[in-house]
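S.K.: Quick one: sequence plus predicted model below, questions after.
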Amino acid sequence: MTALLFGYLVFLLNQMPHIKASNARKSKRPKLDLQFLQRFGGIQRILFPSWSSQNALMFATLLFVTLLEQLIIYQVGVIPSKYYEALSDKDLGGFKALTVVAILLIVLNSTLKSLDQYISSLMYVSWRKSLTEHLHRDYFQGRVYYTLNVLRKDIDNPDQRISQDTERLCKQMSTMASRLIVSPFTLSYYTYQCFYSTGWMGPVSIFGYFVIGTIVNKVLMGPIVSTLVEQEKLEGDFRFKHMQIRVNAESAAFYRAGKVEHMRTDRRLQTLLHTQRNLMNKEFLLYIGVNTFDYLGSILSYIVIAIPIFAGVFNSLTPGELSALISKNAFVSIYLINGFSQLIDLSTTVSDVAGYTHRIGELREVMEDIIKKQCDYDPTSGESFDFDSDVEHRANSTDTAFILDRLSYKSPFSDELLVKELSLKVTQGNSLLVVGNTGTGKTSLLRVLNRLWESSSGYVEMTSCFGPRGILFLPQKPYLTDGTLREQVIYPLKDIYPVAGSPDDERIMRFLELAGVESLLKRTGGLDEKVDWNWYDVLSPGEMQRLCFARLFYLQPKYAGKNLHTLKKVTFFKFKLIHANECIERL
């Protein structure tokens, strides 16, 4: 079925320029070309991993229902010609029988049409599930999500591509699927019927009409794809601006920044609307082409029928028989033209599909490149590692967190070294305070240790990993996930820790009390009560910090670090190695 979709997309998009995909992203704007087909093919392999997959079975079911629907449509379509014959012969019995058959066929056709739409909707949901879960696997593998959102500036709004663009792509493909898969069968059948009734002139005229329409719409579709991609980027930027204000509403209010944020948000809106108007102007020409060919098709059908009539082919027929023949031939010709017109009408849908395909395909390529280059190899030490693992690297050095030997590193956005040839050994029972001015590389040291940044030279030996059982870092800005109070405390664990045993409610409540946020139990209604609020909106900055300390006490990592601010507005990074039990005793 993938090949079937491919074949007709290629037929719609024939005479496309062929360029290398690797060069296209760097030098050319997205359009309908070989790179689009490659990216579209990659998405189809995700949606249809095997012939026995659920998506493949639904697609086959849709094909069967659609073909059966077309057979019924043909029977319904020739009923008017039979009515002409029955009325001309004044056959009352035949008229009544024909009416009963017509009603049954119409009811059956309506049922099949509804079933067609229902299966298409189910395929949309299933396709979205398959594609989104595949993107999620790559996005949350290792540090890919960090690299995409922080380090890579060549790809915009990865969150929008995964959520919104994926949804729209699957929606558009589901709406065009039934029309595409039935086209080869209906076109073949009605071409034969048209040839049988009108001779070679009918099919040749209709095919020529379709070729001209395809070329015209291909020319009109070209500029739309790149503009659609640009519009989706600006949609993401506009949405991100509102999210930024929502997350930082209190800070903006303290600055009395309403007017300036209003101005900057409106600026993004105006840029978006300008691009949307540009897209509408380009689509306007395409709509003219599509609608013109739709209405010209109705005239062409009568021209095709008129040729054999005026040539005297049907002079031997009576007026009633000729009326029935004209009605039947009109249906065949009009339906054949309609089949081609539907393919031309798909121009607007194909342009949307191409835009979303390019954005999702580009995201997949970038994520695959990040996974290949960064997520399982440390170029400084030459060691392979699992970024998400929280298992100790070396069992024989449990008293040491890490050892640095002549380590140098810099920001990924600058060529200037932040720290040069740093040698350091940190062990259990000792505290380390790193002090310096803003931008001197204090927090950056943690990024290098946590494999978020690559070092320039030197050697790092990690005997404890970052994570809930190794080194836990409490960032300057607390991170709260969605979920219940219990899920906030045990984060980032999926389940209760330790894994064995029943949930330790008393232990969690003790740590909430030690951190001074036991009041959250009353506000939330309990550890496992679902909340419908955003934690950032209902907790003060101090409460968020205290809740993170309760998380630290619960996880009991071997080492812990904290990023602090002093009242003198000098940034301090305090990486203090403490044992969790000692921390609890002191508090």
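M.R.: Arrived safely.
S.K.: Can you name the element that comes right after whichever strand or helix holds residue 97?
M.R.: Per DSSP states H and E: residue 97 is located in helix 92-139. Proceeding N to C from helix 92-139, the next assigned helix or strand is helix 144-146, under DSSP H and E.
S.K.: Residues contacting that next one, please?
M.R.: Residues from elsewhere that reach helix 144-146, judged by Cβ atoms under 8 Å, 6 or more residues apart in numbering: 138, 139, 158, 367, 370, 371, 375, 452. To be clear about C-beta, it is placed using only N, CA and C from the backbone, and glycine gets the same treatment.
S.K.: got CSV for these, with pLDDT and distance to residue 122 too?
M.R.: Below are those laid out as CSV (pLDDT from 0 to 100; distance: Cβ to Cβ, whole Å):
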residue, pLDDT, distance to residue 122
138, 91, 26
139, 90, 26
158, 89, 28
367, 92, 28
370, 86, 34
371, 85, 32
375, 45, 35
452, 81, 41
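S.K.: Now the phi/psi pair for residue 414, please.
M.R.: Main-chain dihedrals, residue 414, degrees, to the nearest 10: phi -150, psi 150.
S.K.: Need the per-residue pLDDT for it.
M.R.: Residue 414 carries a pLDDT score of 83 in this model.
S.K.: Around it, how many other residues sit close by?
M.R.: Per other Cβ atoms under 10 Å, the neighbour tally for residue 414 reads 8.
S.K.: how close does it get to residue 443?
M.R.: Applying Cβ to Cβ, to the nearest Å, the value for residue 414 to residue 443 is 15 Å.
S.K.: Likewise for residue 96?
M.R.: Relative to residue 443, residue 96 is positioned 87 Å away (Cβ to Cβ).
S.K.: got it, and residue 209?
M.R.: Look at residue 209 and residue 443: by Cβ to Cβ, they are 66 Å apart.
S.K.: Low-confidence regions, the stretch 201-350 of the chain specifically.
M.R.: For the stretch 201-350 of the chain, the stretches flagged by pLDDT under 70 are 249-251, 254-255, 298, 341, 344-345, 347-348.
S.K.: now the helices: where do they sit in it?
M.R.: With helices called from DSSP state H, counting those that start in this stretch, the stretch 201-350 of the chain shows them at 201-247, 249-254, 258-310, 319-374.
S.K.: Now the element after the last one, going C-ward?
M.R.: Following the chain from helix 319-374 toward its C-terminal end, the next helix or strand by DSSP H and E is strand 400-410.
S.K.: Put the alpha carbons of that following strand into CSV.
M.R.: Only the C-alpha atoms of strand 400-410 are listed here, as CSV (Å, rounded to 0.1, in the frame of the first residue of the first chain):
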residue,chain,number,x,y,z
THR,A,400,35.2,9.1,44.5
ALA,A,401,32.7,11.1,42.4
PHE,A,402,35.0,12.2,39.5
ILE,A,403,38.5,12.9,38.6
LEU,A,404,39.5,15.7,36.2
ASP,A,405,42.9,15.8,34.6
ARG,A,406,44.0,18.9,32.7
LEU,A,407,40.4,19.5,31.5
SER,A,408,39.6,22.4,29.2
TYR,A,409,36.2,23.3,27.9
LYS,A,410,34.3,26.1,26.2
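S.K.: packing partners for that strand?
M.R.: Secondary-structure packing of strand 400-410 (3 or more Cβ pairs under 8 Å, 6 or more residues apart in numbering; DSSP states H and E): strand 417-427, helix 442-449, strand 457-462.
S.K.: Run through who's touching the longest one.
M.R.: For strand 417-427, the external contacting residues (Cβ under 8 Å, 6+ apart) are 399-411, 432, 439-441, 444-445, 456, 458, 559, 575, 577.
S.K.: Can you report how many residues neighbour residue 95?
M.R.: Neighbours of residue 95 under the rule other Cβ under 10 Å: 15.
S.K.: I figured it hits residue 86, correct?
M.R.: Yes. Under the criterion of Cβ atoms under 8 Å, residue 95 makes contact with residue 86 at 4.6 Å.
S.K.: From the contacts of strand 417-427, keep the buried residues only.
M.R.: Buried by 16 or more other Cβ atoms under 10 Å: 400-404, 407-410, 441, 444-445, 456, 458, 559, 575, 577, out of those.
S.K.: still on that earlier bit, can you check which of the helices and strands packed on strand 400-410 gets nearest to residue 471?
M.R.: helix 442-449 (7.9 Å; Cβ to Cβ).
S.K.: Counting by contacts, list what the closest one packs against.
M.R.: With contacts taken as 3+ Cβ pairs under 8 Å, 6+ apart, helix 442-449 sits against strand 400-410, strand 417-427, strand 431-435, strand 457-462, strand 571-576.
S.K.: want to try CSV for the ones you listed, with mean pLDDT and distance to residue 283 as columns?
M.R.: Listed next are these as CSV, based on pLDDT from 0 to 100; distance: least, Cβ to Cβ, whole Å:
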stretch, mean pLDDT, distance to residue 283
strand 400-410, 85, 47
strand 417-427, 85, 50
strand 431-435, 79, 57
strand 457-462, 82, 54
strand 571-576, 36, 51
